[in-house]
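Student: What shape does this take:
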Amino acid sequence: MRNLGAKYRNRKRFLCNPALCRVLWLLGIGIFAFTIGIIGALLGSIGLIKQAHNRVYEQLNNQWETKCFVFQRVSLPHPCQNCNDSNCNTNICYDEKFKVIYKIFDETEILSTISVNDTPHQQDIQVGHEYKCYYDRSVNVQFVQWEYISPKSQTQIIIVGIVLMSVAIIIAVVLSIYIFWIERPRLKQSKRRNQMLRHLSDEH
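Tutor: Now for the predicted structure:
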């Protein structure tokens with residue numbers, strides 16, 4: 001029993017060792033700061049890349065714009081449901097396809113199709129007329145649509161990334177100050193005390 005009690009006390013003393021607890025605590029904080037810093041850097045980088053890509057798209061907006069000549073139109077009505085919190089109503093929706101010809105930036109004529117699905121009313125577009133349209137110059141010039149959709153802003157992602165990186169930097173600075181101004185002198189003092197105790201024990 002005495003041996004078991006001694007082992008338990010030694011184990012408890014080891015688990016509650018202040019120096020070990022401080023090292024684990026500092027290590028955990030450092031890992032946490034490093035993790036959120038990496039996540040923030042990744043989010044910020046992705047947001048900046050997408051935002052730069054969007055800026056290029058915005059600059060090309062005028063060059064995307066062209067005139068589409070409609071030479072064929074197909075309109076397919078079908079039932080669709082419009083639901084709210086209380087009930088659902090069945091209405092008539094339309095799937096429409098427009099065969100169009102348009103010129104791109106180098107004056108090449110492109111033959112393509114504009115599809116508009118599940119609209120509650122038919123498009124006010126007539127065969128044999130030209131209408132303003134937008135094509136994808138950067139990836140696929142055959143992708144064309146009636147409306148220009150602005151790219152989604154990445155500001156929120158960039159802000160989240162900056163905030164996470166700022167928090168990580170602040171934690172790292174505070175942790176560095178604590179280590180160099182508090183923990184390091186404490187370790188030196190503990191080392192000197194251990195050396196003095198060892199020296200005294202050697203003398204005896």
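
Student: in its sheet, what does the longest strand anywhere in the chain sit against?
Tutor: Using DSSP state E, we find that the single longest strand of the chain is strand 65-83. When pairs are called by DSSP bridges, strand 65-83 turns out to pair with strand 88-103 (antiparallel), strand 130-135 (antiparallel).

Student: report the longest helix in this structure, please.
Tutor: Secondary structure assigned by DSSP state H gives helix 18-59 as the longest helix of the chain.

Student: which of the strands paired with strand 65-83 is buried the deepest?
Tutor: Most buried of those, by mean neighbour count (mean count of other CB atoms under 10 Å): strand 130-135, with a mean of 18. C-beta here means a position set from N, CA and C on the backbone, and glycine is covered the same way.

Student: Now find how far off-centre it is within its chain.
Tutor: 33 Å (CA atoms, centre = their mean, to the nearest Å).

Student: Show residues contacting it.
Tutor: Contact with strand 130-135 is made by 64-70, 100, 102, 104, 110, 112, 114, 125, 141-148, as judged by CB atoms under 8 Å, 6 or more residues apart in numbering.

Student: What residues does the nearest residue to residue 118 once chain neighbours are set aside make contact with?
Tutor: Distances taken as CB to CB, 6 or more residues apart in numbering put residue 93 closest to residue 118, at 4.9 Å, once the chain neighbours are dropped. Residues near residue 93 by CB under 8 Å, 6+ apart: 77-80, 118-120.

Student: try 10 Å
Tutor: Taking CB atoms under 10 Å, 6 or more residues apart in numbering, we find residue 93 in contact with 76-82, 117-121.

Student: Identify the farthest-apart pair in the residues you listed.
Tutor: Using CB to CB, the pair of those lying farthest apart is 76 and 82, separated by 18.3 Å.

Student: Please name the residues that touch the residue lying closest to residue 74 once chain neighbours are set aside.
Tutor: Spatial nearest neighbour of residue 74, excluding adjacent residues (CB to CB, 6+ apart): residue 97 at 4.6 Å. Applying CB under 10 Å, 6+ apart to residue 97 gives the contacts 72-76, 113-117.

Student: Which pLDDT does the model give residue 97?
Tutor: Note on residue 97: pLDDT of 95.

Student: any idea how far residue 33 is from residue 156?
Tutor: Here residue 156 is placed at a distance of 23 Å from residue 33 (CB to CB, to the nearest Å).

Student: Look at these two and report which has more neighbours.
Tutor: Comparing residue 156 with residue 33 by other CB atoms under 10 Å, the one with more neighbours is residue 33, at 19 against 11.

Student: That one contacts residue 166, correct?
Tutor: No - Residue 33 is beyond contact range of residue 166, at 11.2 Å (criterion: CB atoms under 10 Å).
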